[in-house]
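Visitor: Provided below are the primary sequence and the corresponding predicted coordinates.
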Amino acid sequence: MATQGLATIGIDVKVNDTSLNYVTEIGDIGGTPATLDATCMKDTMKKSVPGVEDVKSFQITYLFDNSAADSDFRVLKALQTAGNIVTVSITFPDGTVFSSSGYVSTYVSGSKVDELISAKLDVALQSAWTVTNPTAA
C-alpha cells in the first residue's frame with residue numbers, strides 16, 4: 001500500500017557526496033517543457049507540442065556557519081571557487097533519490113532582527129534530474 005504523504009524530516013541533501021548539515025529549504029525538483037506553437041492555418045484551435053524542458057536553477061537554503069573547515073558555507077564556497085560541475089542529490093525519507101549536476105554558487109541571505117542567519121546555494125543545472133526509485137524492503 002502506498003504511503004499517504006511524506007514528512008520532510010530526514011531529507012538528505014548532498015553536494016559532491018558531502019551531506020549538508022543545516023538545510024532548511026529545497027527548491028523545485030524538475031521543470032516543465034517550453035510550449036511550442038504548432039497551430040496551422042486550417043486549425044480552429046491553438047495546438048502546441050512540448051519543447052525543451054525549462055529547469056530553473058536549483059536553490060537550497062541553509063543555516064549559515066563558517067566556524068570550521070567542514071562547515072556547509074566553507075565547503076560550498078570552495079566548490080564555487082573551484083568552478084567545476086558538481087553532483088547534487090536529494091534523498092527522501094522513503095529512499096527516493098533525485099540527482100543532477102551543475103555549477104554552484106553560495107551567498108549569505110539578507111538578515112533582520114531576531115532571526116537566524118541563513119545562506120543560499122544556487123545550482124546552475126547542467127543535466128536533467130534523474131530519479132532512483134526506492135527498493136522494496
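Guide: That came through, no problem. Numbering: from 1, shown residues only.
Visitor: with adjacent residues omitted, what lies nearest to the residue nearest to the spatial centre of the chain?
Guide: Nearest residue to the geometric centre of the chain (C-alpha atoms, centre = their mean): Phe58, 3.9 Å. Spatial nearest neighbour of Phe58, excluding adjacent residues (C-beta to C-beta, 6 or more residues apart in numbering): Val123 at 4.3 Å. For glycine as for every other residue, the C-beta is placed from the backbone atoms N, C-alpha and C.
Visitor: name the helix or strand for that neighbour, please.
Guide: For Val123, the host element (DSSP states H and E) is strand 118-125.
Visitor: next, count neighbours for the residue nearest to Phe58.
Guide: 22 (other C-beta atoms under 10 Å).
Visitor: cool, Asn21 as well?
Guide: Asn21, neighbours per other C-beta under 10 Å, totals 13.
Visitor: contacting residues for it?
Guide: 62, 65, 71-72 (C-beta atoms under 8 Å, 6 or more residues apart in numbering).
Visitor: measure how the lengthiest strand in the chain sits relative to strand 118-125, angle-wise.
Guide: Longest strand of the chain, by residue count under DSSP state E: strand 97-108. With axes from the mean of the first three to the mean of the last three C-alpha atoms, to 10 degrees defining the directions, strand 97-108 sits at 130 degrees from strand 118-125.
Visitor: and strand 97-108, C-alpha only, in PDB?
Guide: Once non-C-alpha atoms are left out, strand 97-108 reads as follows in PDB (Å, rounded to 0.1, in the frame of the first residue of the first chain):
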ATOM      1  CA  VAL A  97      16.900   9.800  -4.800                       C
ATOM      2  CA  PHE A  98      16.800  12.800  -7.200                       C
ATOM      3  CA  SER A  99      20.200  13.600  -8.800                       C
ATOM      4  CA  SER A 100      21.500  16.200 -11.100                       C
ATOM      5  CA  SER A 101      24.700  18.200 -11.600                       C
ATOM      6  CA  GLY A 102      25.700  21.900 -12.100                       C
ATOM      7  CA  TYR A 103      27.800  24.800 -11.200                       C
ATOM      8  CA  VAL A 104      27.400  26.100  -7.600                       C
ATOM      9  CA  SER A 105      27.400  29.500  -6.000                       C
ATOM     10  CA  THR A 106      26.600  30.400  -2.500                       C
ATOM     11  CA  TYR A 107      25.900  33.600  -0.600                       C
ATOM     12  CA  VAL A 108      24.600  34.900   2.700                       C
END
